[in-house]
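Novice: Structure, please.
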Amino acid sequence: MSRTVRELLSDPLKGTNRTQGVLTYLFRHVLMWRQVNQFTWNKRARMFFDKPHNKSKKDKGNLNKALVNDEFTWGTFKDAVDFLNPVSATFIIELTWSSSIVSKYTIVLDPAEDESDPEVNSFVVDTPSDVFVKPSKVTNTLTRLFRKIMAEEQITSVKWEALLQSFARNPLNAIKQQDREISAAISGLQRELLSDRMSWNSFRRGLLILGPIRQTFTLELKWSKNLSDVSYHSVAIDDPLYIEQE
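Specialist: Okay, here's the model as predicted:
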């Protein structure tokens, strides 16, 4: 076991106070709640590599290095949940809007699902937002979910343009407020958020632009067939870019 893993596990807070992202915080909150020690960590690592869908992942050192990182990618988060070894896991996103309406979206965390063509989390959209006018192959869970959110929240191309303008002209975003810089920032955001494959950071930026006043992320873990053997780990973020209107 590496020194960084030992240091993380010896910390009573399991590093929750130094995480740099939602996904890492949720994983470490579970470590703290379950009081994971070195024995448990090593046992979980062995079980992780014994699973058929992880046969191609043979380097325990790389796994440890990824799991002790203070910021997770979406792929690392899925591996982290797989490492925890619950019976099932869901990731719940709740968006509170200025109207006090709360929208809820759920991702089933299936570690064996192919992110290049997700089936469990297909997020079928009956009436797509007209922002996505060009046909494209949407390749991963986060991209599909973001487009589902855009459709459900009725984000038209006109509204999308207004949201991008509002984001780019908000002084909290450290974008230079000359027309050229604003235009360049908007073009960059368009490319990033309308691409066929979205990272976790891009997904979070997209949510920020949509403008909910609160984002709540909950990891629901079922640990056995007993219906009551479930744990919930949540973090809520009040949007710093939201300015309440009079």
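Novice: how about stretch 192-209: buried residues?
Specialist: Within stretch 192-209, the residues that qualify as buried by neighbour count (16 or more other Cβ atoms under 10 Å) are 193-194, 198-200, 202-209. Placement of C-beta: from N, CA and C, glycine included.
Novice: Would you mind finding the longest helix in the protein?
Specialist: Secondary structure assigned by DSSP state H gives helix 179-193 as the longest helix of the chain.
Novice: and the next element down the chain from it?
Specialist: helix 200-210 (DSSP states H and E).
Novice: For the protein, give me the ranges with low pLDDT.
Specialist: Segments of the chain classed as low confidence (criterion: pLDDT under 70) are 1, 134-136, 172-179, 240-246.
Novice: what ranges do the helices span in it?
Specialist: Taking DSSP H as the test, the helices found in the chain are 3-10, 22-33, 38-50, 60-67, 74-84, 141-152, 157-168, 179-193, 200-210.
Novice: Which neighbouring elements make contact with the last one?
Specialist: Read it as helix 200-210. Using 3 or more Cβ pairs under 8 Å, 6 or more residues apart in numbering; DSSP states H and E as the contact definition, the elements that helix 200-210 packs against are helix 74-84, helix 141-152, helix 157-168, helix 179-193.
Novice: Need these in a markdown table (columns: distance to residue 7).
Specialist: Output for the helices and strands packed on helix 200-210, formatted as a markdown table (distance: least, Cβ to Cβ, whole Å):
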| stretch | distance to residue 7 |
| --- | --- |
| helix 74-84 | 17 |
| helix 141-152 | 31 |
| helix 157-168 | 38 |
| helix 179-193 | 35 |
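Novice: Which of those helices sits closest to residue 53?
Specialist: Residue 53 sits nearest to helix 74-84 of all these, at 8.3 Å, using Cβ to Cβ.
Novice: Tell me which residues are up against that closest one.
Specialist: When contacts are taken as Cβ atoms under 8 Å, 6 or more residues apart in numbering, the neighbours of helix 74-84 outside the stretch itself are 23-24, 26-27, 30, 34, 44-45, 48, 51, 54, 63, 66-67, 69, 72, 89, 109, 111, 115, 140-142, 199-200, 203, 219, 221.
Novice: Filter the residues you listed down to the buried ones, PyMOL style.
Specialist: Selection of the buried residues among the contacts of helix 74-84 in PyMOL, burial being defined by 16+ other Cβ under 10 Å:
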select buried, resi 23+24+26+27+30+44+45+48+54+63+66+67+69+72+89+109+111+140+141+142+199+200+203+219+221
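Novice: Tell me the buried residues in stretch 216-236?
Specialist: 216, 217, 218, 219, 220, 221, 222, 233, 235.
Novice: who does the first one bridge with?
Specialist: Okay, so that is residue 216. Beta bridges link residue 216 to residue 94, residue 236 when assigned by DSSP bridges.
Novice: quick one: it from residue 207, how far?
Specialist: From residue 216 over to residue 207 the distance is 11 Å, taken as Cβ to Cβ, to the nearest Å.
Novice: Now list whatever residues contact both of the two.
Specialist: residue 95.
Novice: Name the nearest residue to the residue most central in space within the chain, sequence neighbours excluded.
Specialist: Ranked by distance to the mean C-alpha position of the chain (Cα atoms, centre = their mean), the top residue is residue 200 at 5.1 Å. Using Cβ to Cβ, 6 or more residues apart in numbering and skipping the chain neighbours, the partner closest in space to residue 200 is residue 74 (4.3 Å).
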